[in-house]
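In: Let's see this in three dimensions:
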Amino acid sequence: MKTEKATFAAGCFWGVEAAFRQIKGVVSTQVGYSGGNMGNPTYEDVCSDETGHAEAVEVIYNPEKVSYEKLLDVFWQNHNPTQLNRQGPDVGTQYRSAVFYHNENQKKAAEKSLKEQQKKYKDKIVTEIKPAAAFHRAEEYHQQYLEKRGLSTCHI
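Out: Numbering: from 1, shown residues only. Now for the predicted structure:
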């Protein structure tokens, strides 16, 4: 089976990971930290708002069963991309909206998708579209956090 990788940041990673895990064609997910300037950050490091990392979800998917464009749709549907450095009650740069692309095709798809999504919002979308950087897996207690607690969402 051929797989590809996608990485998204859309606020608190618990709910975002749960949303991607529901998608047919997603092989696995893990939550972690990406886009920062510190090697091997901990949750406490990231929450200090000094590492530059975003809470992110790494998605391994089968492109024969789900397209990257479909994953982008899930990304947009699961947060408000017009909120700078926050999602709901969560505030800080670690909660920013970002697409971390792994190749030129993903970059082009993300840019096209952002333009389409902007038509739906009065406010400017602040989502970053950046090359994927090192992904640091979060502590085990964050992995599949909602699933482990019998919850399906943490949306307020």
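In: Give me the pLDDT for the closest residue in space to Tyr61 that isn't next to it in sequence.
Out: Spatial nearest neighbour of Tyr61, excluding adjacent residues (Cβ to Cβ, 6 or more residues apart in numbering): Val26 at 5.0 Å. C-beta here means a position set from N, CA and C on the backbone, and glycine is covered the same way. Val26 carries a pLDDT score of 98 in this model.
In: how far away is Val26 from Thr3?
Out: Separation of Val26 from Thr3 (Cβ to Cβ, to the nearest Å): 10 Å.
In: and those two? which has more neighbours close in?
Out: More crowded of Val26 and Thr3, by other Cβ atoms under 10 Å: Val26, with 21 against 14.
In: quick one: contacts for that one?
Out: Contacts here follow Cβ atoms under 8 Å, 6 or more residues apart in numbering; on that basis Val26 touches Phe20, Val59, Ile60, Tyr61, Asn62, Val66, Leu71.
In: Can you give me the buried ones in the longest helix along the chain?
Out: Counting residues, the longest helix in the chain under DSSP state H turns out to be helix 104-118. Using 16 or more other Cβ atoms under 10 Å as the test for burial, helix 104-118 gives Gln106, Lys107, Ala109, Ala110, Ser113, Leu114, Gln117.
In: so which strand or helix has the residue nearest to the fourth one when sequence neighbours are not counted?
Out: If I follow you right, that is Ala110. Excluding its sequence neighbours, the residue lying closest to Ala110 (Cβ to Cβ, 6+ apart) is Val99, at 4.3 Å. Taking DSSP states H and E as the definition, Val99 sits inside strand 97-101.
In: contact partners of that strand?
Out: The contact list for strand 97-101 (Cβ under 8 Å, 6+ apart) reads 7-11, 34-35, 54, 56, 72, 75, 79, 81, 83, 87, 106-107, 110, 114, 125-133, 135.
In: do stretch 28-39 as well
Out: Stretch 28-39 has contacts (Cβ under 8 Å, 6+ apart) with 7, 9, 13-14, 16-17, 20-21, 41, 45-46, 51-60, 94, 98, 100, 128, 130, 132-138, 142-145.
In: make it 6 Å
Out: For stretch 28-39, the external contacting residues (Cβ atoms under 6 Å, 6 or more residues apart in numbering) are 7, 13, 17, 20-21, 41, 46, 51-54, 56-60, 100, 133, 135-138, 142.
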